[in-house]
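In: predicted model follows, preceded by the sequence.
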Amino acid sequence: MNSSRPKLAPLGPSRPALDLYLFRSSAQSSALAMPQHIHLSGETKQARCGDIIKVLNECHARSWVARLTGECNGIKSELTQCLRAERIERTQRNNAAGKERQAKKEQVWKEIEEV
């Protein structure tokens, strides 16, 4: 059985896989960066919390040590508080809109019953 695929050299004790993962160049790190979380990509979140999202992404991109040691945790908690405030505001708007729709619906039913 002759395989056409080239054989890979073993990493050996001097180049463990962990070294390759942890110490890759910054160009490779930025190329392999995760895309932004879907819940952070909305226009309202970018308008309200966009600066905090940008700072957190920069902190995470700075180095893996910052993530490992918790240097970005303060920024993450600020982002969580900002997103929570946005969610509460959105919930209040949705509740008010729902009450208006319910009132209109009840008014229409009253008009139907009167006829």
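Out: Done, it's in.

In: packing partners of the helix or strand harbouring Thr80?
Out: In this structure, Thr80 is located in helix 73-114 according to DSSP states H and E. If you count contacts as 3 or more CB pairs under 8 Å, 6 or more residues apart in numbering; DSSP states H and E, helix 73-114 packs onto helix 43-62. Every residue, glycine included, has its C-beta placed from N, CA and C.

In: Cys72 reaches Ala66, doesn't it?
Out: Yes. Between Cys72 and Ala66 there is a contact under CB atoms under 8 Å: 5.6 Å.

In: who touches both of the two?
Out: Residues touching both Cys72 and Ala66 comprise 59-60, with contact defined as CB atoms under 8 Å, 6 or more residues apart in numbering.

In: and these two? Which one has more around it.
Out: Taking other CB atoms under 10 Å, Cys72 and Ala66 do not tie; Cys72 has more neighbours (19 against 16).

In: from Thr80, how far out is the residue lying closest to Cys82 once chain neighbours are set aside?
Out: Excluding the flanking residues, the one nearest Cys82 by CB to CB, 6 or more residues apart in numbering is Cys49, at 4.0 Å. Distance of Cys49 to Thr80, computed by CB to CB, to the nearest Å: 10 Å.

In: neighbour count winner among these two?
Out: Neighbours per residue, other CB under 10 Å: of Cys49 and Thr80, the larger number sits with Cys49, 21 against 12.

In: my guess is the more buried one meets Leu79, correct?
Out: Yes. Assessed by CB under 8 Å, Cys49 is found in contact with Leu79 at 6.1 Å.

In: on that earlier part again, what's near enough to touch the residue nearest to Cys82?
Out: 40, 79, 82-83, 86.

In: among those residues, which one has the most neighbours?
Out: Going by other CB under 10 Å, Leu79 tops the contacts of Cys49 with 19 neighbours.

In: so what's that residue scoring on pLDDT?
Out: Here the pLDDT value assigned to Leu79 is 93.

In: that one: what's it in contact with?
Out: Per CB under 8 Å, 6+ apart, neighbours of Leu79: 49, 52-53, 56.
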